[in-house]
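**Student:** Got a predicted model here, sequence first, then my questions.
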Amino acid sequence: MKRIALLLLCLPFFSDAQVLGLGKNAVKVNLSSLVLKNYSFSYERSITKRISLGLGFRTQPKGSAPFQGTLENIINSSDVNISRFQMGNTAWTPEVRFYLGKGNMRGFYIAPYARFATFDLTAPVKYTASPGGGAPAVTKEADFTGKIKSTSGGLMIGTQHRLFKVLVLDIWIIGGHYGTSKGDLNFAAPLNNDEQTALRQNLNKIDPSPFKFTYNVNASGAQIASDGPWAGIRGAGINIGFHF
């Protein structure tokens, strides 16, 4: 009986501890990213009153690239068929959060973070040449497929609040990251001399600035290698989850 009475006396304290945000763990899902069919999840653990560690995972199935108008302006080449451009991605984002106000994983925070991302691409490049045998010239598309990997570091600001007893609302206000990237894209198909020349000419016209862009075209297809800076924006995210 004494143990039961002691437990009953402690229940209000445990309830208040939850409301005050003393739970050390939180798991969340990013609701705003679902609009772009991007599935983003994160885990956060408090290590002191004002500091926590977090790990995020993001994945987007391969499909039509979002913001095709922006992508078209970046590539700036009519020889790339943006309407058939396909992209998917995955990313891991470890971070450290410093809470500036209430602490205990509540209030405004600043979060230095790293991002390790992989982008799965299919980039169709047009070329016009005779297929041989006296046939008239036709326009074809070389579908370059492969991956671009980036490593970046950045900083984000946001605010996190507790709802009811177990829910948490985490709002990413604005952030950005910068780093480096490397990629390899390949196209495999038999090419005659005219087709090789036409594809080589169109690849030469693509301006990939600020990336470095090298290519090789031969009788069995073509390869593209790229490397250069990588930048991104992280923000306008609404995350909901629960803490425990």
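**Tutor:** Yes, it's here.
**Student:** In this structure, where is pLDDT below threshold?
**Tutor:** For the chain, the stretches with pLDDT under 70 are 1-22, 70, 73-76, 132-134.
**Student:** Need the residue closest to the centroid of it.
**Tutor:** Central residue of the chain (Cα atoms, centre = their mean): residue 91, 5.3 Å from the mean position.
**Student:** Tell me the buried residues in the lengthiest strand in the chain?
**Tutor:** Scanning the chain for the longest strand, with DSSP state E as the assignment, gives strand 138-163. Buried residues in strand 138-163, counted by 16 or more other Cβ atoms under 10 Å: 140, 142-146, 148, 150, 152, 154, 156, 158-160, 162. To be clear about C-beta, it is placed using only N, CA and C from the backbone, and glycine gets the same treatment.
**Student:** Ok, stretch 61-68 next?
**Tutor:** residue 65.
**Student:** Sketch out the helices for this structure, chain order is fine.
**Tutor:** 2-19, 68-75, 193-205 (DSSP state H).
**Student:** Buried residues, the last one. List them.
**Tutor:** Buried residues in helix 193-205, defined by neighbour count with 16+ other Cβ under 10 Å: 195-196, 198-200, 202-203.
**Student:** residues in contact with residue 61?
**Tutor:** Applying Cβ atoms under 8 Å, 6 or more residues apart in numbering, we find residue 61 in contact with 37, 88.
**Student:** from memory residue 239 sits against residue 26, does it?
**Tutor:** No - applying Cβ atoms under 8 Å as the test, residue 239 and residue 26 come out as separate, 9.3 Å apart.
**Student:** Pull up the overlap in contacts between these two.
**Tutor:** Common contact partners of residue 239 and residue 26 (Cβ under 8 Å, 6+ apart): 168, 170.
**Student:** quick one: the strands in the chain?
**Tutor:** 25-30, 39-46, 51-64, 86-99, 107-129, 138-163, 167-188, 212-218, 221-233, 237-243.
**Student:** could you redo these as TSV and give each row distance to residue 72?
**Tutor:** Shown next, in TSV, are the strands of the chain (distance: least, Cβ to Cβ, whole Å):
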stretch	distance to residue 72
strand 25-30	27
strand 39-46	26
strand 51-64	13
strand 86-99	13
strand 107-129	12
strand 138-163	16
strand 167-188	18
strand 212-218	17
strand 221-233	18
strand 237-243	26
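**Student:** Of those strands, which is nearest residue 71?
**Tutor:** strand 86-99 (8.7 Å; Cβ to Cβ).
**Student:** Can you give the distance of that closest one from its chain's centre?
**Tutor:** Centroid separation for strand 86-99 versus its chain: 7 Å, with Cα atoms, centre = their mean, to the nearest Å.
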